[in-house]
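1. sequence first, then the predicted structure, then my questions.
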Amino acid sequence: MDFATLIGILVGVALIGGAIVMQGIESETSFTVFAEPISFMIVIGGTLAATAIAFPLKEVMRIVTILRAVLKGGKEELGGLVDEIVDMGTVARKGPKDLENALDQVRNPFLKDGLQMVVDGYSVEEIRDILGTRVEYREERELMESNLLKAMGKFSPAFGIIGTLIGLVYMLKGMSAEGGGGDMASAIGGGMATALITTFYGALFANLFFLPMAEKLLSQISSKSTQQNMITEGVCLLQMKKHPLIVREKINSFIPPREWKRMEPGGGA
Amino acid sequence: MDFATLIGILVGVALIGGAIVMQGIESETSFTVFAEPISFMIVIGGTLAATAIAFPLKEVMRIVTILRAVLKGGKEELGGLVDEIVDMGTVARKGPKDLENALDQVRNPFLKDGLQMVVDGYSVEEIRDILGTRVEYREERELMESNLLKAMGKFSPAFGIIGTLIGLVYMLKGMSAEGGGGDMASAIGGGMATALITTFYGALFANLFFLPMAEKLLSQISSKSTQQNMITEGVCLLQMKKHPLIVREKINSFIPPREWKRMEPGGGA
Amino acid sequence: MDFATLIGILVGVALIGGAIVMQGIESETSFTVFAEPISFMIVIGGTLAATAIAFPLKEVMRIVTILRAVLKGGKEELGGLVDEIVDMGTVARKGPKDLENALDQVRNPFLKDGLQMVVDGYSVEEIRDILGTRVEYREERELMESNLLKAMGKFSPAFGIIGTLIGLVYMLKGMSAEGGGGDMASAIGGGMATALITTFYGALFANLFFLPMAEKLLSQISSKSTQQNMITEGVCLLQMKKHPLIVREKINSFIPPREWKRMEPGGGA
Amino acid sequence: MDFATLIGILVGVALIGGAIVMQGIESETSFTVFAEPISFMIVIGGTLAATAIAFPLKEVMRIVTILRAVLKGGKEELGGLVDEIVDMGTVARKGPKDLENALDQVRNPFLKDGLQMVVDGYSVEEIRDILGTRVEYREERELMESNLLKAMGKFSPAFGIIGTLIGLVYMLKGMSAEGGGGDMASAIGGGMATALITTFYGALFANLFFLPMAEKLLSQISSKSTQQNMITEGVCLLQMKKHPLIVREKINSFIPPREWKRMEPGGGA
Amino acid sequence: MDFATLIGILVGVALIGGAIVMQGIESETSFTVFAEPISFMIVIGGTLAATAIAFPLKEVMRIVTILRAVLKGGKEELGGLVDEIVDMGTVARKGPKDLENALDQVRNPFLKDGLQMVVDGYSVEEIRDILGTRVEYREERELMESNLLKAMGKFSPAFGIIGTLIGLVYMLKGMSAEGGGGDMASAIGGGMATALITTFYGALFANLFFLPMAEKLLSQISSKSTQQNMITEGVCLLQMKKHPLIVREKINSFIPPREWKRMEPGGGA
């Protein structure tokens, strides 16, 4: 569970909600004026409609899956993975049979597939090529999901403004029909307040939901690629039967020095 | 048929239309105030004029073809294509004669051309070079079409604002001529409402039509390139007479693991 | 002559002009209010001044040449060029002497230079290197021209707003001096209308002239590069004495399949 | 200590603060009107909430560390580093034993690790590969930190506008409730002033803190990469036992000619 | 001296100044209302403060040097440089001794360093590597200077708006304090005019100074890189003892065909 995302959403909603309530009390107006179903419908409906036009149906259908993935986050533990790869390297040096037996303990599916290729006797070039293509096209597919959220973050304020324009036109037409006078100010104020709420919805949804989530997805994609590139490198070194010390040195270069674990004396080799 | 696009357009139009009608009823103004032929002319005419300047004539003429392609969408079925390539690999291992006979069943024209090159005895480098160039320049041509729609999505709100400025200038000049007074508010309201409708048109067309369609075209281009890169790789592996198990493993790396089909026992080889 | 550009400009100007006249009639105001020499001077003068600062003098001097090139457009006829290269390939297989004699019929200067290198006995690597560098640096020089137009498209609305701010400041100061009253509305209206015309000019010039022309230049650059890359590839294949069928297959990969011409039976080889 | 950052912040705050105080005196209004806790809460709280959603928890937690790093800056002294590498080259030519003894004097940890690899007998390709991967992934990790600050610089004005919209809606509703009259202007003025302060906060924090700091971080990342690439190149040349004159010539190419130090006569070799 | 830059600045300032004076006369208001020291202080001071935070101190200190470089421009004369390199090629073919004697006549320091390496007997790979690294890192350093000006072009309008917001808040508070009435319009007009002048300053400085100068710097960087890449290529061809005709053909590919000079008969070889 990625608590940062959840906490961010809760704090953000509480904060904006609190500001609305507090300013409502201050100006002696009920905060319920912010509940405008038509505004909500224009912003969310319009955004979803534009998104359905902009992306393949199957991506749009996966939006709940994507949001859940964003919320769930990913465990990285690159340091632990380094240990696991180095350990597997020690096993691999004994023989492919031993490696095959050890495969059941591997939980990371990408590492498992890579080690299976070592067992199956694929060449280093084939392993690097196949795993590299998998990383490249996984990235491309996931970038489309991030783009979907980013597009929602652009459509949302646009439909907010479109909704506000609709409200403004009616307000101005009404002003034109009534003629001037004391209660015109009243009509202007009311109409414009309602119109602006659509802009408010559009800006809020974009900046508190869609855009931050698109950004989170981007960083999840990038950290998954780091992990998979490290695994690819590690599996290739295994196939080349490199000494565990060199394997550790090489794949440590993917992670920050402060997370490095040095080989325990007499450990790996 | 890409139903997402169609549904998106219908829902989007219904939603904005519905919001206009509902707010019209609420404010006791006829929704017909939103039908402004001059505004429509400025936005659509200006956008088309700018597009005709910005792109080669033959691209502009193809705009209907492009929009139809966006609406029609593309069948991908990458999983099925993997099977077809692997099957062809089994055939190719028998001999070029058998492959030539099997060519008639291949529907995908790109795969067909690639297999024809295998039959004609082109080298792996030549096949990769020729097919790779085709993918590269197809992408470039189609990106121009996507850019055309994206440019329309930028010109459309710009001409919306230009139209609004025209309306505002006349309204303000009129206000200047009449002098102040009660009915000035009426003149301002009416003139400004009409002026804002052009902005509304520009924003709506951009965000409900041009920009989402440009985005959809982009994702169609990208998924077609994935497909063609996979075919190129597959055809090269065929020419190298690789074992069907390796062919499947390699080209599976282009598609998400959840769509992988494993070789049926005793199937391919 | 690139008629799309010309038609686009004429239609765009007629359309915006027509809208101005029609709305002028409707609001009983003369459309001559849109002729503001100071606004024109600020937008066009400011844009040119900023452009003179932003680009090398010799590029700024070439602006008329550039605009004429945009208007003239380029003949592409990639299909015909494929035929010409394949024909030259048939000639080249006879001997360098025959190729030298045939050079006079070649109109495309880039192709002519490439074939001359074949006659002069340059190696394939040298040809690819020299022609490739020419394409790369021609692109870079022409991109600067496109950037110049794009920069004008950014400066133009900026100076529009700067001009409007000047007008607004005087209008507001005037309002401050006169004090309130009925004729203040008149002063506001008149001053603001005039001020907004500068914004109108800036937005119009950018979206009807500078930005679309920058875009057209970009697509001309890209299509010229496709042509020159195809020629480079073709000339290299000629120097390698490849069979005309392979030459056609390879350079056909630069153009869309619907423009391919197949070798007439018994034709090339 | 990076005094530019500190001076920039102090000068910026003093300047904006001074302008607020001076204009307050001029308009006979207390500058305390700019202290709006709710506005501050919306902008800073909203920005932090969106950032917590947008980035991994561990990055968000490190924000203080990041800001401190920006403030502290980095010593570069590339010229001195060139000398140090060249000196080490002279030592390395004596033998790995001498190099190992000299390692203790090396302060730069990246250079130390590189020299250790030379002592340990890694090949040039392995050294280049391992150090290159470290540079690449360090850059990627630090770019995320810069992106975090840049995202705060985008969210901050967005929440400024969201806060202003909340204030405007209440002000307009209040105007609608009261009806017209002399004291309506008073209500509008007060409400709108308060509403605009949130926009002011959002714009100020973005342009005086978040965006400039993101930019500073970017240039720190880039100058650290230049340094590490220079070290990588130098260590490889050491392992190749190149002559100190060539080592100096080569790694001098990373720094501006005006910072070059020429070899003292009879110095290095 | 780059006269385009100087002329652009003079014309731009004269034009905007002229427009201010002319509109001042027309609206019977002194143009001195545009001299607002506080506005100037907020825009220039705020921009400099943000820039000091955003860039390393030593870059900020060099801002005058950078601006002078932009004003001075660079002589390119690529055609003449081609001649010089070809001439040096003829000398180099005689022997390194002759080349060493000819070095004194070479004014371009980059060419001189390259030829010195030929004299010193560096290999082609070493020359290409060393000169290539110099070009790459010179570009990177100069891009930071261009980014500094571009950042000033972004901060300048932002602080313009921040200053305007300060003015608006006081104006609105004042309006709230005074209550409505005839002289309220006067107060609004005066306050708002003063507030808008800050926006005017911000937009003007950005679009007439910072952004065009950043752009000019960019094109100077790019044309210097073209020059240095051409020299690198030429020096490598010299070291390979290529025939002057081929040297000319190859390095001519860096410059536009219309600037080519053909070898005078019996000239180079």
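-> Good, I have the coordinates. Residues are numbered from 1 along each chain as shown, chains lettered A, B, ... in the order given.
2. please make it C-alpha for all contacts and neighbour counts, starting now.
-> Will do.
3. tell me the contacts of residue A:7?
-> D:49, D:52, D:53 (C-alpha atoms under 8 Å, 6 or more residues apart in numbering or on different chains).
4. helices - which of the residues you listed land there?
-> Cross-referencing the contacts of residue A:7 against helices under DSSP state H gives D:49, D:52, D:53.
5. which of those residues come close to chain A?
-> When those are checked against chain A using C-alpha under 8 Å from any C-alpha of the partner chain, the ones in range are D:49, D:52, D:53.
6. can you pick the most crowded of the residues you listed?
-> residue D:53 (32 neighbours; other C-alpha atoms under 10 Å in any protein chain shown).
7. isn't it up against residue A:211?
-> No - the pair formed by residue D:53 and residue A:211 falls short of the contact definition of C-alpha atoms under 8 Å, at 9.3 Å.
8. count the neighbours of residue A:78 for me.
-> The burial count for residue A:78: 21, using other C-alpha under 10 Å.
9. and the one 3 residues further on, by the same measure?
-> When counting by other C-alpha under 10 Å, one arrives at 17 neighbours for residue A:81.
10. circling back: please convert the contacts of residue A:7 to a markdown table, extending it with pLDDT.
-> Listed next are the contacts of residue A:7 as a markdown table, based on pLDDT from 0 to 100:
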| residue | pLDDT |
| --- | --- |
| D:49 | 95 |
| D:52 | 92 |
| D:53 | 93 |
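11. dump these into a markdown table; add distance to residue B:32 as well.
-> A markdown table is the format used below for the contacts of residue A:7 (distance: C-alpha to C-alpha, whole Å):
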| residue | distance to residue B:32 |
| --- | --- |
| D:49 | 43 |
| D:52 | 46 |
| D:53 | 43 |
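12. name the helix or strand for residue A:28, please.
-> Counting by DSSP states H and E, there is no helix or strand that carries residue A:28.
13. okay, now it: neighbour count?
-> Residue A:28 has 11 nearby residues by other C-alpha under 10 Å.
14. ok, now which ones touch it?
-> Contacts of residue A:28 by C-alpha under 8 Å, 6+ apart: none found.
15. dihedrals phi and psi, it?
-> Main-chain torsions, residue A:28, degrees, to the nearest 10: phi 50, psi 40.
16. swap in residue A:35?
-> phi -90, psi 100.
17. measure it to chain D for me?
-> 12 Å (C-alpha to the nearest C-alpha, to the nearest Å).
18. quick check, pLDDT for that residue.
-> pLDDT, residue A:35: 91.
19. that one - how many residues pack around it?
-> Neighbour tally, residue A:35, other C-alpha under 10 Å: 12.
20. same thing with the one 10 residues further on?
-> As a burial measure, the neighbour count of residue A:45 was computed by other C-alpha under 10 Å and equals 21.
21. need the contact list for it.
-> Residue A:45 neighbours (C-alpha under 8 Å, 6+ apart): B:11, B:12, B:15.
22. which of these lies closest to residue E:89?
-> Distances from residue E:89 to these, taken as C-alpha to C-alpha, are shortest for residue B:12 (68.9 Å).
23. which helix or strand contains the closest one?
-> helix B:3-26.
24. export that helix as PDB, just CAs?
-> Extracted in PDB, the C-alpha atoms of helix B:3-26 (Å, rounded to 0.1, in the frame of the first residue of the first chain):
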ATOM      1  CA  PHE B   3     -16.800   2.100 -30.300                       C
ATOM      2  CA  ALA B   4     -15.000   4.100 -27.600                       C
ATOM      3  CA  THR B   5     -14.500   7.000 -30.000                       C
ATOM      4  CA  LEU B   6     -18.100   7.000 -31.100                       C
ATOM      5  CA  ILE B   7     -19.400   6.600 -27.600                       C
ATOM      6  CA  GLY B   8     -17.100   9.300 -26.400                       C
ATOM      7  CA  ILE B   9     -18.300  11.800 -29.000                       C
ATOM      8  CA  LEU B  10     -22.000  10.900 -28.500                       C
ATOM      9  CA  VAL B  11     -21.800  11.100 -24.700                       C
ATOM     10  CA  GLY B  12     -19.700  14.300 -24.800                       C
ATOM     11  CA  VAL B  13     -22.100  16.100 -27.200                       C
ATOM     12  CA  ALA B  14     -25.200  14.800 -25.200                       C
ATOM     13  CA  LEU B  15     -23.700  15.900 -22.000                       C
ATOM     14  CA  ILE B  16     -22.700  19.400 -23.000                       C
ATOM     15  CA  GLY B  17     -26.000  19.800 -24.900                       C
ATOM     16  CA  GLY B  18     -27.900  18.600 -21.900                       C
ATOM     17  CA  ALA B  19     -26.100  21.000 -19.600                       C
ATOM     18  CA  ILE B  20     -26.900  23.900 -22.000                       C
ATOM     19  CA  VAL B  21     -30.600  22.900 -22.100                       C
ATOM     20  CA  MET B  22     -30.800  22.400 -18.300                       C
ATOM     21  CA  GLN B  23     -29.100  25.700 -17.500                       C
ATOM     22  CA  GLY B  24     -31.300  27.400 -20.100                       C
ATOM     23  CA  ILE B  25     -34.400  26.200 -18.400                       C
ATOM     24  CA  GLU B  26     -33.100  27.200 -15.000                       C
END
